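Visitor: Can you look at this prediction? I've put the sequence above it.
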There are 2 protein chains.
Amino acid sequence: MPDQINRQVRLKSRPQNVPQAENSDIVSGVCADPRDGQFQVRNEFLSVDPAMRLWVSEAPSYLPPVAINEVMRSFAAGIVTASRHPGYEVGDRVVGMFGWQDFAVSDGSAVQKVRGADLPLSLYLGALGLNGLTAYVGLLDIGDPKPGETVVVSSAAGGVGSCVGQIAKIKGCRSVGITGGHRKVDLCLGEFKYDAAVDYKITADLDSALKEACPRGIDVYFDNTAGAISDAVLRQLNVGGRVICCGRASLPQLYPPPTGPRVEGHLIVKRASMRGFLITDHRQRFDTAVADLEGWVRGGNLRCREDILVGLEQAPGAIAGLYRGDNVGKRVVRVR
Amino acid sequence: MPDQINRQVRLKSRPQNVPQAENSDIVSGVCADPRDGQFQVRNEFLSVDPAMRLWVSEAPSYLPPVAINEVMRSFAAGIVTASRHPGYEVGDRVVGMFGWQDFAVSDGSAVQKVRGADLPLSLYLGALGLNGLTAYVGLLDIGDPKPGETVVVSSAAGGVGSCVGQIAKIKGCRSVGITGGHRKVDLCLGEFKYDAAVDYKITADLDSALKEACPRGIDVYFDNTAGAISDAVLRQLNVGGRVICCGRASLPQLYPPPTGPRVEGHLIVKRASMRGFLITDHRQRFDTAVADLEGWVRGGNLRCREDILVGLEQAPGAIAGLYRGDNVGKRVVRVR
């Protein structure tokens, strides 16, 4: 096999906050060959995730920060192009932490094989991948919603949020989305079938808007934003309410954390809880969860919106766009 | 039976924050007789609890505020002096929400009978009453500490805190207390057998002091204070850490809540949780818990310190003293 060119998006400088296009470079090199116990994957789709802000920052985190000149850490979906690993064959469709590059070499750690041959590969970065899994485990295992309860979701039209809202409906809950802009409100109501949607960008009084959207109060809050949106939700929490802390998209900086109203009073008076989680701690749930998610996609109960950027050269600026809210649905980069 | 004089501590004016002596009056009247289905109790000990700040405030709460001119709501321990209730006999020792007064009439709702005839009645307001139950249910059911884990407690020498620290030791944990003043530090180490105690009043750098006291990080935090003490604890939380929100003693006001560093980052990165609870939601656990607590008191594993004020006239100023930290151990008023 002739040497293959491997383009890599590498971190050039550490951003103050949200990574911008100028914080990365695209560098071309030669693709490494797999050694014994490894396989080579050709990335077809690169994931663009809000969590990447944390991965490139020096804020306290669950992973060391991406080093300067290192390939941008990311999930990606691709096809095995060479293998010296007994568990992988050329042609296998796989998802893993392959980074923002054309090709990666992997030993199979934390790699998932894609089972649903009838479903688009890119979905395995979104509704059938980490987004869907995050929604599934966070909402069902941590939030434990009961039929008839009210579930509120922030970033309601996003990759994770749109799955949370739809799974809440599948489980018989009232689903209420908080999102920004009329285009996303329409999507929440029309496509993702939320029972109500609140536009935080045009709502002068978020408390009243939430009260109207949640006449029986809020039992479960899937929090993708933190910040003023979450402060308003907490004020409407029911007794026994559960807050699932998933993301901090609305915070202008991660560290040191910005200040906000202290939460202990709500938690005590409402006997409520807040709990953070990382989907990668829940691998033992992935098989069941993906099977359920695939079933819901095939049955039309879980609709997916994708925001597909074309060409690796779109990747460096893609995170900043996510934080500006440019995307509608799960953002991925189609490599070629 | 001749009419008996019943002195009552009544709320005269609503305090801005912590109730002071001048917010109450003592009014004498005649004790009501029990009707069918009721009994009369002569209060021996009145409880003085931090939660009473919330009960007399108009902040959002789990109970309506005590009304002006109403008897101060409180737990009390006493002896049944007359009964037209089939479940209670004259001479029974009982604990209930009898209020700050000489006598109360009750229909038995939320009343506990005292079983341990060998143990002082006042303990059933403290280590064998709501304080001990709060510590037991909060630490064991909500905190779920494992042997070898590190449990940190704020207000460590107080009625609840001192029980939490000792139950943590009984369960094989490392117990670390946060308290104010050398007298209380000595008590934490000498009497309540904490493995380490941190004096927040003289410690310039609470983070370093906690790091030294908790070399393996913090797994469980029983929070009686909120505020800057809790902010420092959260920074040392281990992966999977659990925060039990029980009280807000360090907050200068309850509502609107003061601001502080947002907690979502800690909760996500550490896959940690914060949960509030009210002991009165857990009545189904009381029999088991009191039996365990009585056993530990008799066996010398659970030591109790009481701060006994003598005379009903001490009650009106007793809450303010609690917030100044005047007391050492559980504060009660012996009525006569």
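Guide: Alright, I've got the coordinates. Numbering: from 1, shown residues only, chains lettered A, B, ... in the order given.

Visitor: Chain B contacts on chain A?
Guide: When proximity is defined as C-beta under 8 Å from any C-beta of the partner chain, chain A approaches chain B at A:59-62, A:223, A:226-227, A:230, A:239, A:245-248, A:251, A:254-278, A:281. C-beta here means a position set from N, CA and C on the backbone, and glycine is covered the same way.

Visitor: Now do the helices in the stretch 101-250 of chain A.
Guide: Taking DSSP state H, counting those that start in this stretch, the helices of the stretch 101-250 of chain A run over residues A:130-136, A:159-170, A:182-190, A:206-213, A:227-234.

Visitor: how about TSV for those helices, with mean neighbour count and mean pLDDT added?
Guide: Formatted as TSV, the entries for the helices of the stretch 101-250 of chain A read as follows, by neighbours: other C-beta atoms under 10 Å in any protein chain shown; pLDDT from 0 to 100:
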stretch	mean neighbour count	mean pLDDT
helix A:130-136	27	97
helix A:159-170	28	97
helix A:182-190	18	96
helix A:206-213	17	98
helix A:227-234	22	98
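
Visitor: Need the distance between the two termini of stretch A:250-257.
Guide: The straight-line separation of the ends of stretch A:250-257 (C-alpha to C-alpha, to the nearest Å) is 12 Å.

Visitor: Mind listing what's buried along it?
Guide: Going by neighbour count (16 or more other C-beta atoms under 10 Å in any protein chain shown), the buried part of stretch A:250-257 is A:250-251, A:254, A:257.

Visitor: got a markdown table for the helices of the stretch 101-250 of chain A, with distance to B:Met52 too?
Guide: Shown next, in a markdown table, are the helices of the stretch 101-250 of chain A (distance: least, C-beta to C-beta, whole Å):
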| stretch | distance to B:Met52 |
| --- | --- |
| helix A:130-136 | 43 |
| helix A:159-170 | 40 |
| helix A:182-190 | 45 |
| helix A:206-213 | 29 |
| helix A:227-234 | 25 |
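
Visitor: out of those helices, nearest to A:Ile319?
Guide: helix A:159-170 (13.1 Å; C-beta to C-beta).

Visitor: Which residue ranges of the stretch 101-250 of chain A form strands?
Guide: Listed from the start of the chain, the stretch 101-250 of chain A has strands (DSSP state E, counting those that start in this stretch) covering A:103-106, A:112-113, A:150-154, A:174-179, A:196-199, A:218-223, A:237-245.

Visitor: what does the fourth one rub up against?
Guide: Spelled out, that is strand A:174-179. In this structure, residues lying in contact with strand A:174-179 by C-beta atoms under 8 Å, 6 or more residues apart in numbering or on different chains are A:148-157, A:161, A:164-166, A:168-169, A:185, A:187-188, A:192-200, A:210, A:213-214, A:216, A:218, A:225, A:229, A:233.

Visitor: Please name the nearest non-neighbouring residue to the residue nearest the centre of chain A.
Guide: When chain A is reduced to its mean C-alpha position, the closest residue under C-alpha atoms, centre = their mean turns out to be A:Asn131, at 4.3 Å. On the basis of C-beta to C-beta, 6 or more residues apart in numbering or on different chains, the spatially nearest residue to A:Asn131 that is not a chain neighbour turns out to be A:Gly159, at 3.9 Å.

Visitor: Just list the residues touching the one you found, thanks.
Guide: Counting by C-beta under 8 Å, 6+ apart, A:Gly159 has contacts A:49, A:126-127, A:131, A:329-331.

Visitor: Out of the residues you listed, the closest to A:Gly96 would be?
Guide: Each of those was scored against A:Gly96 by C-beta to C-beta, and A:Asp49 proved nearest at 14.0 Å.

Visitor: Near that closest one, how many residues? Count them for me, please.
Guide: By the measure other C-beta atoms under 10 Å in any protein chain shown, the count of residues near A:Asp49 is 24.

Visitor: Am I right that it sits in a strand?
Guide: No. Counting by DSSP: H, G, I helix; E, B strand; the rest coil, A:Asp49 is located in no strand; its state is coil.

Visitor: Not counting the biggest helix by length in chain A itself, show me its contacts.
Guide: Using DSSP state H to define each element, chain A has its longest helix at helix A:286-299. Applying C-beta under 8 Å, 6+ apart, the external contacts of helix A:286-299 come out as A:112, A:115-116, A:118-119, A:123, A:127-128, A:132-133, A:136-137, A:163, A:166-167, A:170, A:302, A:304.

Visitor: With stretch A:65-72 instead?
Guide: Residues beyond stretch A:65-72 that count as contacts (C-beta under 8 Å, 6+ apart) turn out to be A:8-14, A:24, A:52, A:55-58, A:73, A:99-101, A:315.

Visitor: Of those residues, select the buried ones using a PyMOL command.
Guide: Burial among the contacts of stretch A:65-72 is assessed by 16+ other C-beta under 10 Å; the matching PyMOL selection reads:
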select buried, chain A and resi 8+9+10+11+24+52+55+56+57+73+99+100+101+315
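
Visitor: Which ones among the contacts of stretch A:65-72 map onto strands?
Guide: Among the contacts of stretch A:65-72, the members falling in strands (DSSP state E) are A:8-11, A:24.

Visitor: could the contacts of A:Gly159 go into JSON lines alongside distance to A:Gly321?
Guide: Converted to JSON lines, those look like this (distance: C-beta to C-beta, whole Å):
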{"residue": "A:Asp49", "distance to A:Gly321": "12"}
{"residue": "A:Gly126", "distance to A:Gly321": "16"}
{"residue": "A:Ala127", "distance to A:Gly321": "20"}
{"residue": "A:Asn131", "distance to A:Gly321": "17"}
{"residue": "A:Gly329", "distance to A:Gly321": "13"}
{"residue": "A:Lys330", "distance to A:Gly321": "13"}
{"residue": "A:Arg331", "distance to A:Gly321": "7"}
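
Visitor: of the residues you listed, closest to chain B?
Guide: Comparing the contacts of A:Gly159 against chain B with C-beta to the nearest C-beta places A:Asp49 closest, at 13.6 Å.

Visitor: residues contacting the spatially closest residue to A:Arg35 that is not a sequence neighbour?
Guide: Residue nearest to A:Arg35 in three dimensions, not counting chain neighbours: A:Arg84, with 6.4 Å by C-beta to C-beta, 6+ apart. By C-beta under 8 Å, 6+ apart, the residues touching A:Arg84 are A:34-39.

Visitor: Quick check: the gap between A:Arg84 and chain B.
Guide: 35 Å (C-beta to the nearest C-beta, to the nearest Å).
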